[in-house]
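S.K.: pasting the sequence and the predicted model now:
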Amino acid sequence: MVLPILPLIDDLASWNSKKEYVSLVGQVLLDGSSLSNEEILQFSKEEEVPLVALSLPSGKFSDDEIIAFLNNGVSSLFIASQDAKTADHLVEQLNVPKERVVVEENGVFSNQFMVKQKFSQDKIVSIKKLSKDMLTKEVLGEVQSIAKAIDLGRGVYYSRSRNEIWIKGETSGNGQKLLQISTDCDSDALKFIVEQENVGFCHLETMSCFGEFKHGLVGLESLLKQRLQDAPEESYTRRLFNDSALLDAKIKEEAEELTEAKGKKELSWEAADLFYFALAKLVANDVSLKDVENNLNMKHLKVTRRKGDAKPKFVGQPKAEEEKLTGPIHLDVVKASDKVGVQKALSRPIQKTSEIMHLVNPIIENVRDKGNSALLEYTEKFDGVKLSNPVLNAPFPEEYFEGLTEEMKEALDLSIENVRKFHAAQLPTETLEVETQPGVLCSRFPRPIEKVGLYIPGGTAILPSTALMLGVPAQVAQCKEIVFASPPRKSDGKVSPEVVYVAEKVGASKIVLAGGAQAVAAMAYGTETIPKVDKILGPGNQFVTAAKMYVQNDTQALCSIDMPAGPSEVLVIADEDADVDFVASDLLSQAEHGIDSQVILVGVNLSEKKIQEIQDAVHNQALQLPRVDIVRKCIAHSTIVLCDGYEEALEMSNQYAPEHLILQIANANDYVKLVDNAGSVFVGAYTPESCGDYSSGTNHTLPTYGYARQYSGANTATFQKFITAQNITPEGLENIGRAVMCVAKKEGLDGHRNAVKIRMSKLGLIPKDFQ
């Protein structure tokens, strides 16, 4: 039971000043005639009051709004007697439980849900009038201790043995925070609901004056919290806390054993094991049993409930779905003459830019304004890792290289060296100088971009190749500071040793342990420990791309980007002589990136037999890949386009502007000259796209989504800017001066004209009265 006082809130502004009293009472009545829909939802969702009732005026709120109230924390609806028909509608038409609808009878509201209590009109008091005296007048016995408890918000009692008021913990330190005061069913006894502080309730340092509580869930939670702080490194509990993958595996294992258990003893045994590991995960992630109970309480309030079916992976699939997941992995086939079919085949997935920006903007702004604290908050929220420092500084600790094999080092070293050779060859060796007129010398020279931020995606794959494809050209271009950013692993909060190895090899100064829009924002604006960079490069999901577009357009960031990005894509042109296994492997190497990857095969004069051989090769190879489920979904929307000639095939490719173009055709070199739009071209049967992705030397950071029409892939110049200079002699000024003055006069820019006129006049190159 609660105290028989129901505070009425008709203005949220008055809530904070009386919050402590309402919390003690344990219930509140929201005035629906004064508060808006948004205010009611805000209060019921955010404020922890055990019982939130709502006085429901007739006609103000829609059915959907009322259901939203009940699903988000409102426990009961109080309805005036004259609006009894509203109550009937709620129960009969909206299926609101009858006990949650309270109709006034003779000036009394008899609440039946959660707490059975009658509230007469004189007990419904405006929150503005709520006071300590109003609460203590309900007490018939010793009042002073209750009044002091309310004043202090502490556990305060009257000690009969001492004949004085006793503030719990005043001398021992084992105090109590007073949360709520309740009554029993007859209103002849009070109950304090408190939060115990320090080591225990009793002076003997136990949780009760009657000895320790039995070790149930609350006791287990307390023990695990203690173990989180002081468990020895060699203990099993410490191992669970340090290895989230192990803990997750144990939870799945115990859940499966519980489903297989039979009989009371076995069921209770397996359930206890599951509770242990589940509680360990909660404690490791700073989630309390109270948090779980709050969620249960909120779900208990819901009027509309989910269907209750298990997720598809835990139940048998319908037959049609099974066939879809086990049937042939084949591409669609369309003829080039079918314009509608071709247009559909070459269409990229629609990116919902405005919706994504709506989600990304507040993340960027929060990191920009709050720096590291916001970055750490988002890393915990989105990456599931709680860090104390979001930056790893060079030289990188040895522990971050653990697990890196010699074989991997050699592979990375070879790849780095080849990429270095190709990108070093792109460096201009001399300043470009051109004398456009006698005495007019124009020049152009490169300078490295001073600070660059390189985004290395994490997600479902480890991508040291992206690290080297961005890091090596930045080093070749002699950028003064290279900053990596990559999301940390859930298992240990680190990035992969392969990425750290590349970071060391290219001279990166820092690795930002974050991903997503928050990592982009941290590099674009800088934080307390992360330097602001001048350019951000690297692929990522739609949120990373949106963040890059945002900072590029924000003058406060003053940060450029490499290029927009979309899903990975490949277009293979193959003829009748192409090796079907090679063709299939190239298609699948791109399909495994993700279900939204774009995979197109343009066939030149392919026979029906050849098409079927390619389809069979795709199916057979796909089944051998560990990412077959992703491949299956990608190939389901991929297409073979049939053309009658090579020129038609290249024209179609140029129209599509693929990220990767593979030429598996006879005399492939002869057709490179016809390529106008592509990120990178792979020429001949023995040039798989994989080589360009890793080790050949060209860069794999390439334009997607058709941007190959106007963007180049990453190269050495991507990490440079080019500055022009001019040196003009008196002879040169004589040769171009009159043209400059003529054009400046036409544009109405007399200052421009005068800057030339004064010089030419002093040189005697024009008359003094020249106009």
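M.R.: Arrived safely. Numbering: from 1, shown residues only.
S.K.: could you pull out the strands for the stretch 551-700 of the chain?
M.R.: 560-561, 569-575, 598-604, 639-643, 660-664, 680-683 (DSSP state E, counting those that start in this stretch).
S.K.: low-confidence ranges in the protein?
M.R.: Along the chain, the model assigns pLDDT under 70 to residues 1-3, 17-24, 132-153, 155, 158-162, 178-215, 298-302, 304-326, 351-352, 459-461.
S.K.: hmm, Leu427 and Ala717 touching each other?
M.R.: No. Ala717 lies out of contact with Leu427 (Cβ atoms under 8 Å); the separation is 9.0 Å. Where C-beta positions appear, they are placed from N, C-alpha and C, glycine not excepted.
S.K.: find residues that contact each of those two.
M.R.: Shared contacts of Ala717 and Leu427, defined by Cβ atoms under 8 Å, 6 or more residues apart in numbering, comprise Pro446, Ala477.
S.K.: still on that earlier bit, and Pro767, which of the strands of the stretch 551-700 of the chain is closest to it?
M.R.: When these are compared by Cβ to Cβ, strand 560-561 sits nearest Pro767, at 48.0 Å.
S.K.: run through the neighbouring helices and strands of the closest one.
M.R.: On a contact count with 3 or more Cβ pairs under 8 Å, 6 or more residues apart in numbering; DSSP states H and E, strand 560-561 meets strand 535-537, helix 542-552.
S.K.: all strands for the stretch 151-300 of the chain, in order.
M.R.: 156-159, 164-167, 176-183, 190-196.
S.K.: so which bits of the helix or strand harbouring Ala411 are buried?
M.R.: Element membership for Ala411 (DSSP states H and E) is helix 406-424. By 16 or more other Cβ atoms under 10 Å, the buried positions in helix 406-424 come out as Ala411, Leu412, Ser415, Ile416, Asn418, Val419, Arg420, Phe422, His423.
S.K.: for Leu412, see how far away the nearest residue to the first one once chain neighbours are set aside is.
M.R.: It stands for Ala411. Of all residues not flanking Ala411 in the chain, Ser695 sits nearest, at 7.6 Å (Cβ to Cβ, 6 or more residues apart in numbering). Counting by Cβ to Cβ, to the nearest Å, the gap from Ser695 to Leu412 is 9 Å.
S.K.: phi, psi of the residue nearest to Ala411?
M.R.: phi -130, psi -10 (degrees, to the nearest 10).
S.K.: so what's the residue nearest the centre of the chain up against?
M.R.: The centre of the chain sits closest to Phe382, judged by Cα atoms, centre = their mean, with a distance of 4.7 Å. Phe382 makes contact with Gly515, Gly516, Gln518, according to Cβ under 8 Å, 6+ apart.
S.K.: again, 10 Å this time
M.R.: Ile363, Pro487, Ala514, Gly515, Gly516, Ala517, Gln518, Phe543 (Cβ atoms under 10 Å, 6 or more residues apart in numbering).
S.K.: okay, and it sits in which element?
M.R.: Going by DSSP H and E, Phe382 is part of helix 372-383.
S.K.: quick one, that helix and helix 542-552 angle?
M.R.: 160 degrees (axes from the mean of the first three to the mean of the last three Cα atoms, to 10 degrees).
S.K.: list the buried residues in helix 372-383.
M.R.: Asn372, Ala374, Leu375, Leu376, Tyr378, Thr379, Phe382, Asp383.
S.K.: surely the last one touches Ser491?
M.R.: No. When contacts are counted by Cβ atoms under 10 Å, Asp383 is not listed as touching Ser491 (11.3 Å).
S.K.: and the helices in the stretch 51-200 of the chain, which stretches?
M.R.: Using DSSP state H, counting those that start in this stretch, the helices of the stretch 51-200 of the chain run over residues 63-71, 84-92, 132-136, 144-152.
S.K.: ugh, wrong one, I meant the stretch 201-350 of the chain
M.R.: Going by DSSP H, counting those that start in this stretch, the stretch 201-350 of the chain shows helices at 217-230, 236-242, 244-260, 263-284, 289-301, 319-326, 339-345.
S.K.: ok, now the stretch 551-700 of the chain?
M.R.: For the stretch 551-700 of the chain, the helices defined by DSSP H, counting those that start in this stretch cover 580-591, 608-623, 628-635, 646-656, 689-694.
S.K.: beyond the shortest one, next helix or strand please.
M.R.: Meaning helix 689-694. Heading C-terminal from helix 689-694 (DSSP H and E), you reach strand 720-728.
S.K.: ok, that following strand: who's next to it in the sheet?
M.R.: Partners of strand 720-728 in the sheet, by DSSP bridges, are strand 440-448 (antiparallel).
S.K.: how far off centre is the helix or strand following the partner strand?
M.R.: Using DSSP H and E, the helix or strand that follows strand 440-448 in sequence is strand 451-455. Between the centre of strand 451-455 and the centre of its chain there are 20 Å (Cα atoms, centre = their mean, to the nearest Å).
S.K.: CA atoms only for strand 451-455 - export them in CSV, please.
M.R.: Output in CSV follows, covering the C-alpha atoms of strand 451-455 (Å, rounded to 0.1, in the frame of the first residue of the first chain):
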residue,chain,number,x,y,z
LYS,A,451,47.1,16.0,-41.0
VAL,A,452,44.9,13.1,-42.3
GLY,A,453,42.5,10.8,-40.6
LEU,A,454,42.1,7.3,-42.0
TYR,A,455,39.0,5.4,-41.2
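S.K.: residues of that strand that come out buried?
M.R.: In strand 451-455, counting by 16+ other Cβ under 10 Å, buried: Lys451, Val452, Gly453, Leu454, Tyr455.
S.K.: out of those residues, which one sits closest to Val52?
M.R.: Looking across these and measuring by Cβ to Cβ, the closest to Val52 is Tyr455, at 44.8 Å.
S.K.: now do the same contact list for the closest one.
M.R.: Contacts of Tyr455 by Cβ under 10 Å, 6+ apart are 466-467, 470, 483-487, 512, 514-516, 519-520, 523, 536-540, 544, 547-548, 561-562.
S.K.: any idea how far Ser347 is from Pro730?
M.R.: In terms of Cβ to Cβ, Pro730 sits 61 Å off from Ser347.
S.K.: swap that for Leu359, please
M.R.: 24 Å.
S.K.: also Ser465?
M.R.: For Ser465, the distance to Ser347 equals 29 Å [Cβ to Cβ].
S.K.: same deal with Gly169?
M.R.: 69 Å.
S.K.: more crowded one of these two?
M.R.: Gly169 (18 against 11; other Cβ atoms under 10 Å).
S.K.: how about the nearest residue to that one, chain neighbours excluded?
M.R.: Leaving aside its chain neighbours, Gly169 sits nearest to Gly175 (2.9 Å; criterion: Cβ to Cβ, 6+ apart).
S.K.: quick check: the one you found touching Trp166?
M.R.: No. Applying Cβ under 10 Å as the test, Gly175 and Trp166 come out as separate, 11.5 Å apart.
S.K.: burial count for the closest residue to Asp413 other than its chain neighbours?
M.R.: Here the nearest residue to Asp413 in space, its sequence neighbours aside, is Lys505; by Cβ to Cβ, 6+ apart that works out to 7.9 Å. Lys505 has 19 neighbouring residues, counting by other Cβ under 10 Å.
S.K.: if I look at Gly59, how far off is Thr86?
M.R.: Computed as Cβ to Cβ, the Gly59 to Thr86 distance reads 8 Å.
S.K.: looking at these two, which one has more neighbours?
M.R.: Under the criterion of other Cβ under 10 Å, the comparison of Gly59 against Thr86 puts Thr86 first, with 19 against 8.
S.K.: now do the buried residues in stretch 722-732.
M.R.: Ile728, Gly732.
S.K.: now what about it, what contacts it?
M.R.: 428, 431-447, 734-737, 759-760, 762-765.
S.K.: kindly recompute the last result at 6 Å.
M.R.: Gln437, Pro438, Gly439, Val440, Leu441, Cys442, Ser443, Arg444, Phe445, Pro446, Arg447, Leu763 (Cβ atoms under 6 Å, 6 or more residues apart in numbering).
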